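[1] Just need the structure, nothing else, for what follows:
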Amino acid sequence: MKKVKEFLRRKNIIFSGKRYGIDALGAMAQGLFCTLLVGTILNTIGQQFGIEFLNRIIVTLKAGDSMITYTVGGLASAMVGPGIAVAIGFALGCPNLVLFSLIPVGFAANAIGGAGGPLAVYFVAIIASEFGKLVSKETKIDILVTPIVTILVGIGLSCLIAAPIGKAASAVGTAVMWATELQPFFMGILVSVIIGIALTLPISSAAICAAFGLTGLAGGAAVAGCCAHMIGFAVMSFRENRWGGLVAQGIGTSMLQMPNLVKNPRCWIPPVLASAITGPIATCLFKLQMNGAPVSSGMGTCGLVGQIGVYTGWVNDIASGAKAAITAMDWVGMVLICFVLPAVLSLIFCEILRKWNWIKEGDLKLDL
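    Below you'll find the predicted structure:
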């Protein structure tokens, strides 16, 4: 047993919740961002501003009797599987041959996984990475053995589990969206609070939303929760962190507050309460929906990706005939849910807690 442990340590294989639940999940979000999300943004910019290069067909592929065309953004989005797999492999410290072999593995897992492809890639990439690391540099023909083992394990595993994982993830996402449609008030609170908390924790709310395909009203509630935490922490900690903290948290990430939240968990109360209020307002009053890329539902105001996703959904709905036009009420709802209400509510709740001495001066200070 001791030799096995030493071998695994030498291979940098560490079985831990942090490595698989935090590092790998965070990397998954980065892979999603650099492919699917960036592709969606580029397509939206090209369509709305009439940029010829972004709207031009770059690649045309023949699939049976039909032709599949790709724009620049379309190509980026199509690489979501490889992007996630390589990002996870990098986070797990894979050697180069393993890392590069994850490209076809990610493509296969995402394609077979269907609507739940990102979650399938997450599991398959982790297992393929660790098997690849096991054999890496153990033979004199490493350049053949390592890629072959990684690819065979990854694609073989994809054939076995990617489709069931994809269906399960899709079913959970569909159930959440159905429940939100059925009970927009209570589910608006639940989804908003849970995804908002996930955004601030060292895990990936974006990866969670993408994995379960959260769109529609559930996606809108997720956006509300994320914005409540990002804008909330940015505004309520302004006295300690000034403009640098406002920008870092408001369009960066509220995850910066995690060390402070460990020291004083009460600091979490204002944005959580704000998300519990803005969630049902989003679902019941403004009917805010995320019909863009599901990953945008878990991004909040990070680079304004959540807002771009909502706008993309509006554009898609108009193109499909599901929506007649973008109304003033749409814009008012987005501004209130994403910016105004999170700032006002979190600040009010924070000031109350400061008077109760639950939050003290310096409790929200960041090391910027």
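
[2] The residue sitting furthest away from the middle of the chain and Asn12, how far apart?
    Ranked by distance from the centre of the chain (Cα atoms, centre = their mean), the top residue is Lys140, with 40.2 Å. Per Cβ to Cβ, to the nearest Å, Lys140 is found 21 Å from Asn12. (Glycine included, C-beta is placed from N, CA and C.)

[3] Val191 now?
    As judged by Cβ to Cβ, Val191 and Asn12 stand 37 Å apart.

[4] Next one: Cys227 from Asp23, what distance?
    Taken as Cβ to Cβ, the span from Cys227 to Asp23 is 26 Å.

[5] can you give me the strands in the chain?
    Counting by DSSP state E, one finds strands in the chain at the ranges 59-63, 66-70.

[6] what angle do the first one and strand 66-70 make?
    This points to strand 59-63. Put simply, strand 59-63 runs at 150 degrees to strand 66-70, going by axes from the mean of the first three to the mean of the last three Cα atoms, to 10 degrees.

[7] Direction included, what does strand 59-63 pair up with?
    Strand pairing for strand 59-63, using DSSP bridges, gives strand 66-70 (antiparallel).

[8] outside of the strand it pairs with, which residues touch it?
    The contact list for strand 66-70 (Cβ atoms under 8 Å, 6 or more residues apart in numbering) reads Ile57, Ile58, Val59, Thr60, Leu61, Lys62, Ala78.

[9] Leaving out the residues flanking it, which one is nearest to the last one?
    By that I understand Ala78. Tyr70 (6.3 Å; Cβ to Cβ, 6 or more residues apart in numbering).

[10] Return the set of residues that bridge with the one you found.
    Beta-bridge partners, per DSSP bridges, of Tyr70: Val59.

[11] so how far is Phe15 from it?
    Tyr70 is 39 Å from Phe15, by Cβ to Cβ.

[12] just to revisit the earlier point, between Val191 and Asn12, who's got more neighbours?
    Ranked by neighbour count (other Cβ atoms under 10 Å), Val191 and Asn12 place Val191 first, with 32 against 14.

[13] May I have the residues that are in contact with Pro342?
    Contact analysis of Pro342 by Cβ under 8 Å, 6+ apart lists Cys227, Ala228, His229, Met230, Ile231, Gly232, Val235, Pro271, Ala274, Ser275, Thr278.

[14] and the first one, how many neighbours?
    As a burial measure, the neighbour count of Cys227 was computed by other Cβ under 10 Å and equals 33.

[15] Gly83 is in contact with Leu102, correct?
    No. The pair Leu102 / Gly83 is not scored as a contact, 10.2 Å apart, by Cβ atoms under 8 Å.

[16] Buried ones in stretch 94-110, by neighbour count?
    94-95, 97-99, 101-110 (16 or more other Cβ atoms under 10 Å).

[17] So which of the residues you listed belong to helices?
    In helices, defined here by DSSP state H, the members of these are 97-99, 101-110.

[18] Lys62 and Asn55: what is the separation?
    22 Å.

[19] if you count what's nearby, which of the two comes out ahead?
    Between Lys62 and Asn55, Asn55 has the larger neighbour count (other Cβ under 10 Å), namely 16 against 8.

[20] looking only at pLDDT, what's the mean for stretch 221-228?
    The pLDDT scores in stretch 221-228 average 95.

[21] mind putting the contacts of Pro342 in a markdown table, distance to Ile348 included?
    A markdown table is the format used below for these (distance: Cβ to Cβ, whole Å):
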| residue | distance to Ile348 |
| --- | --- |
| Cys227 | 16 |
| Ala228 | 13 |
| His229 | 16 |
| Met230 | 17 |
| Ile231 | 13 |
| Gly232 | 11 |
| Val235 | 10 |
| Pro271 | 12 |
| Ala274 | 9 |
| Ser275 | 14 |
| Thr278 | 13 |
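
[22] Pick the one among these closest to Lys3.
    Nearest to Lys3 among the contacts of Pro342: His229, at 46.3 Å, using Cβ to Cβ.

[23] was I right about that closest one contacting Cys302?
    No. Look at His229 against Cys302 with Cβ under 8 Å: they stay out of range, at 10.7 Å.

[24] Have a look at these two and say which one is more surrounded.
    Neighbours were counted for His229 and for Cys302 using other Cβ under 10 Å; His229 has more, 34 against 23.

[25] ok, the more buried one - contacts?
    Contacts of His229 by Cβ under 8 Å, 6+ apart are Gly196, Ile197, Leu199, Thr200, Ser254, Pro271, Val272, Ser275, Gly300, Pro342.
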